[in-house]
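Participant: Quick one, fold the following:
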Amino acid sequence: MFKVKTKLRKWGNSLGIVIPLREARKERLSEGDTIIAVLGRKSNVLRATFGTFRFKKPVQKLIDEMDKALYNE
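Facilitator: Numbers count the residues shown, from 1 in each chain. Take a look at the predicted model:
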């Protein structure tokens with residue numbers, strides 16, 4: 001998982017983002033891959049989304065479990 005700052009660009013009747021090639025290569029992304037983007041203007045999108053909710057498990061453990069379920073890592 002990585003974070004990149006980029007600008008929205010108009011593509012026909014849609015908006016799109018460009019991921020710098022350097023970052024795409026680091027993450028081994030290629031054309032046609034499906035990605036999940038967390039978008040927002042605030043620097044801490046997760047806090048804005050979840051507020052101060054207290055999870056039963058540490059956040060890093062939840063992230064590791066999601067990675068394992070999604071990517072078999």
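Participant: all strands of the protein, in order?
Facilitator: 9-11, 14-16 (DSSP state E).
Participant: Mean neighbour count for these - can I get that in CSV?
Facilitator: (Each C-beta comes from the backbone N, C-alpha and C, glycine too.) Formatted as CSV, those follow (neighbours: other C-beta atoms under 10 Å):
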stretch, mean neighbour count
strand 9-11, 9
strand 14-16, 9
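Participant: Which residues are in contact with Ala37?
Facilitator: Residues counted as contacts of Ala37 (C-beta atoms under 8 Å, 6 or more residues apart in numbering) are Ile17.
Participant: now with 6 Å?
Facilitator: Shown in contact with Ala37 (C-beta atoms under 6 Å, 6 or more residues apart in numbering): no residues.
Participant: swap in Thr6?
Facilitator: Ile17, Val18.
Participant: looking at the chain, which helix or strand is least sure?
Facilitator: helix 45-50 (a mean of 62; mean pLDDT, DSSP states H and E).
Participant: Tally up the residues packed near Leu39, please.
Facilitator: 7 (other C-beta atoms under 10 Å).
Participant: Same question for Ile19.
Facilitator: 15.
Participant: how far away is it from Glu27?
Facilitator: As defined by C-beta to C-beta, to the nearest Å, Ile19 lies at a distance of 8 Å from Glu27.
Participant: same deal with Phe2?
Facilitator: For Phe2, the distance to Glu27 - C-beta to C-beta - is 6 Å.
Participant: Neighbour count for these two, which is higher?
Facilitator: Under the criterion of other C-beta under 10 Å, the comparison of Phe2 against Glu27 puts Glu27 first, with 13 against 9.
Participant: Could you list which residues are in contact with that one?
Facilitator: Phe2.
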